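**Student:** With the input below, show me the fold.
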Amino acid sequence: MITDDWPRSNPRGFASWFKSRQIEQLNERRRAFLDAQGKVTASVEDVPVFRVRTPLQSAIMILKRHRDEWFAEQDPDLKVISIILTTLSTHAYAGENRVSDTIAKILRDMHLAIKEQNGVSWIANPTDPSENFADRWETYPKRREAFFNWLEAARQQFAAVQGFSDANIVLNELTRGLGNPLIEAARSKMPTNAGSRAASVAPVAAAGASAPGLVFGEEERRPTEPKGFG
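**Tutor:** As a prediction, this is how the structure comes out:
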């Protein structure tokens, strides 16, 4: 189903852009996957993208869960749409290899990709600069205000996780401030021991999840959405 929460043009291009922004960490985890399988001479290109989990994917998943919980207690109608959260997070990512560092970098810098064009907030589709993912903000300015309110709340609540490399430790720390229901919901979507090197490359296909679904959410999927990242 086509929804307003998915790029109107070139969804495959968006997936390719997302892949390119984390290619170093992606290939590192693909290599670890091959090592774990004993396929030391195989190419990383032989490993489907959906077989591994990158710090960026894990960070976005956790931030989406935080967003859902935060807006449930505020105004659900103003919830930041996932394509905005994903796009801004991906712009902010700079190759960090720990989930906590990735979250910290995203929360610090994600606002930098929001531009102003003739007084209009603009979050460009990276594959089609004429498409503005924040086009609703002009008609509903409270959406823009809600984004920055959520961002400030997230910065404060996630400050506790800085310095941890294991995704499960990150979730344990967040439990103190965000509550068990939110954290367990996030944990349930992560592979066992997700923070370890072996688990960071654990297959996720058994859980029925493709890579885009881990990032974009069901509300943005449509029949033409690419499987994996390309």
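**Student:** how about the helices in this protein?
**Tutor:** In the chain, the helices defined using DSSP state H lie at 11-20, 23-36, 55-72, 82-92, 99-109, 135-139, 141-158, 167-178, 180-187, 211-215.
**Student:** got a markdown table for those, with distance to V49 too?
**Tutor:** Backbone N, C-alpha and C define where each C-beta goes, glycine included. What follows is the helices of the chain, written out as a markdown table (distance: least, Cβ to Cβ, whole Å):
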| stretch | distance to V49 |
| --- | --- |
| helix 11-20 | 7 |
| helix 23-36 | 7 |
| helix 55-72 | 10 |
| helix 82-92 | 15 |
| helix 99-109 | 18 |
| helix 135-139 | 29 |
| helix 141-158 | 26 |
| helix 167-178 | 19 |
| helix 180-187 | 21 |
| helix 211-215 | 5 |
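**Student:** Make a markdown table out of those helices and add mean pLDDT.
**Tutor:** Shown next, in a markdown table, are the helices of the chain (pLDDT from 0 to 100):
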| stretch | mean pLDDT |
| --- | --- |
| helix 11-20 | 89 |
| helix 23-36 | 80 |
| helix 55-72 | 92 |
| helix 82-92 | 96 |
| helix 99-109 | 93 |
| helix 135-139 | 94 |
| helix 141-158 | 95 |
| helix 167-178 | 60 |
| helix 180-187 | 51 |
| helix 211-215 | 36 |
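**Student:** Turn these into CSV, including mean neighbour count.
**Tutor:** Output for the helices of the chain, formatted as CSV (neighbours: other Cβ atoms under 10 Å):
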stretch, mean neighbour count
helix 11-20, 19
helix 23-36, 18
helix 55-72, 22
helix 82-92, 23
helix 99-109, 22
helix 135-139, 14
helix 141-158, 16
helix 167-178, 19
helix 180-187, 16
helix 211-215, 22
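**Student:** Wait, L56 touches I23, no?
**Tutor:** No. Between L56 and I23 there is no contact under Cβ atoms under 8 Å: 10.7 Å.
**Student:** What residues of the longest strand along the chain count as buried?
**Tutor:** For the chain, the longest strand by residue count, based on DSSP state E, is strand 128-132. Under the neighbour-count criterion of 16 or more other Cβ atoms under 10 Å, strand 128-132 has 131-132 buried.
**Student:** Strand partners (parallel or antiparallel) of it?
**Tutor:** Paired strands of strand 128-132, with direction, are strand 124-125 (antiparallel) (DSSP bridges).
**Student:** What mean pLDDT does the partner strand get?
**Tutor:** Averaging pLDDT along strand 124-125 gives 94.
**Student:** and A59, what does it touch?
**Tutor:** The neighbourhood of A59, defined by Cβ atoms under 8 Å, 6 or more residues apart in numbering, consists of 89, 93, 99, 102-103, 106.
**Student:** go on, F158?
**Tutor:** For F158, the contacting residues are 66, 103-104, 107, 174, by Cβ under 8 Å, 6+ apart.
**Student:** Of these, which is the nearest to L85?
**Tutor:** Comparing the contacts of F158 against L85 with Cβ to Cβ picks out H66 as the nearest, at 10.0 Å.
**Student:** What separation is there between the closest residue to that closest one other than its chain neighbours and I106?
**Tutor:** Using Cβ to Cβ, 6 or more residues apart in numbering and skipping the chain neighbours, the partner closest in space to H66 is A154 (5.8 Å). Note on A154: its distance to I106, by Cβ to Cβ, to the nearest Å, is 9 Å.
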